[in-house]
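**Student:** with the input below, show me the fold.
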Amino acid sequence: MLSFILLVLVAHALPVKCQNLLQHKLNIIILAGQSNMAGRGGVANDTSTGIPTWDGVVPPQCQPNPSIFRLSADLAWVQAREPIHADIDARKTNGIGPGMSFANAVLSKDPNFGLVGLVPCAIGGTTISEWQKGEFLYEQLVKRAQMALQSGVYRAMLWYQGETDTINQDDVELYKGRLKRFFNDLRSDLHAPMLPIFQVALASGEGPYIEEVREAQLKTGLPNVKCVDAKGLPLEPDRLHLTTPSQVKLGEMLADAFLRFIPSPLQGNDASPNFSSFVPYFLMIVQIFRCLWMTITFR
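**Tutor:** Below you'll find the predicted structure:
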């Protein structure tokens with residue numbers, strides 16, 4: 001009976017006092033990897049200077065949206081617009097990547113999804129060894145993701161990396177172990193043991209071992225790691241980077257995989273509580289009862 005009364009009071013009090021409680025919570029999407037995640041769509045060497053230049057073309061699928069934000073290099077939320085990695089992969093020329101087309105596709109197909117908070121972390125030319133725990137890129141990723149969590153809840157990481165690891169056979173042989181260690185360490189440090197990870201299987205590479213790295217990517221065997229295959233998507237003339245239309249297509253493929261995704265349950269003793277998801281709901285419950293108390297006191 002008491003539970004029923006509380007539910008009635010909550011239903012009655014929420015519209016009055018707490019209707020905006022979760023209105024501004026962000027659905028956090030981490031973007032990490034190397035140049036094809038950072039975005040090189042529309043980037044080519046200027047024929048007169050030889051300097052890489054972005055053509056500035058932003059397709060409709062990548063246009064700014066008032067419901068899509070990005071975490072800037074100085075850890076502030078701003079409206080997302082291409083190129084979204086410009087102040088992150090700052091030593092390179094950035095163009096179109098998959099992040100904006102992903103976010104726009106998700107919002108188009110699920111109008112009730114809410115606000116999207118993109119956390120760009122990709123850096124061009126990086127190897128998987130540079131993303132290991134303790135390395136600069138890894139620690140920056142964790143720092144940015146933890147900062148983002150103050151404004152929302154983790155929904156997924158989009159990961160596209162491996163082109164640089166196709167050069168040396170030693171790197172190829174170690175790639176799968178390093179990749180799995182990176183995913184496991186990241187989930188542990190973010191207190192999100194079942195964080196959905198959508199990994200892009202390579203479309204290209206800098207060396208001769210592309211298929212070997214692809215095989216490692218396709219067979220991680222980790223729960224809640226889904227592969228989206230970029231093989232066959234058209235490349236820029238450098239034969240390494242995806243074109244703008246390819247990046248748009250990849251973002252839409254990632255969005256489809258994300259929206260179809262059914263997470264695996266926590267498994268046995270390896271599972272630990274996902275405090276990153278629990279805390280916002282705990283705070284919500286506290287705020288609900290605060291609203292109830294105020295409603296009962298002042299009526």
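
**Student:** L179 contacts Q217, doesn't it?
**Tutor:** Yes: L179 lies in contact with Q217 (Cβ atoms under 8 Å); the separation is 7.1 Å. C-beta: built from backbone N, CA, C; applies to glycine.

**Student:** in the stretch 101-250 of the chain, which spans are helices?
**Tutor:** 136-149, 169-189, 210-218, 244-260 (DSSP state H, counting those that start in this stretch).

**Student:** just the pLDDT at P263, thanks.
**Tutor:** pLDDT, P263: 84.

**Student:** got it, and G41?
**Tutor:** We have a pLDDT of 98 for G41.

**Student:** likewise the one 10 residues further on?
**Tutor:** I51 is assigned 90 on the pLDDT scale.

**Student:** got it, and T47?
**Tutor:** pLDDT at T47 comes out at 71.

**Student:** show me the contacts for it.
**Tutor:** Applying Cβ atoms under 8 Å, 6 or more residues apart in numbering to T47 gives no contacts.

**Student:** pick the most deeply packed of the helices of the stretch 101-250 of the chain.
**Tutor:** Looking across the helices of the stretch 101-250 of the chain with neighbours counted as mean count of other Cβ atoms under 10 Å, the highest average goes to helix 244-260: a mean of 21.

**Student:** outside of it, which residues touch it?
**Tutor:** 36, 39, 41-42, 57, 59, 61-62, 95-106, 109-110, 155-156, 158, 196, 198, 200, 203, 226, 228, 230, 233-235, 242.

**Student:** A80 and F261, how far apart?
**Tutor:** Counting by Cβ to Cβ, to the nearest Å, the gap from A80 to F261 is 22 Å.

**Student:** show me the strands in the stretch 1-150 of the chain, by range?
**Tutor:** Shown for the stretch 1-150 of the chain, the strands assigned by DSSP state E, counting those that start in this stretch span residues 26-33, 43-45, 52-54, 68-71, 77-79, 115-120.

**Student:** make JSON lines from those and add mean neighbour count to it.
**Tutor:** Shown next, in JSON lines, are the strands of the stretch 1-150 of the chain (neighbours: other Cβ atoms under 10 Å):
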{"stretch": "strand 26-33", "mean neighbour count": "25"}
{"stretch": "strand 43-45", "mean neighbour count": "17"}
{"stretch": "strand 52-54", "mean neighbour count": "17"}
{"stretch": "strand 68-71", "mean neighbour count": "24"}
{"stretch": "strand 77-79", "mean neighbour count": "14"}
{"stretch": "strand 115-120", "mean neighbour count": "25"}
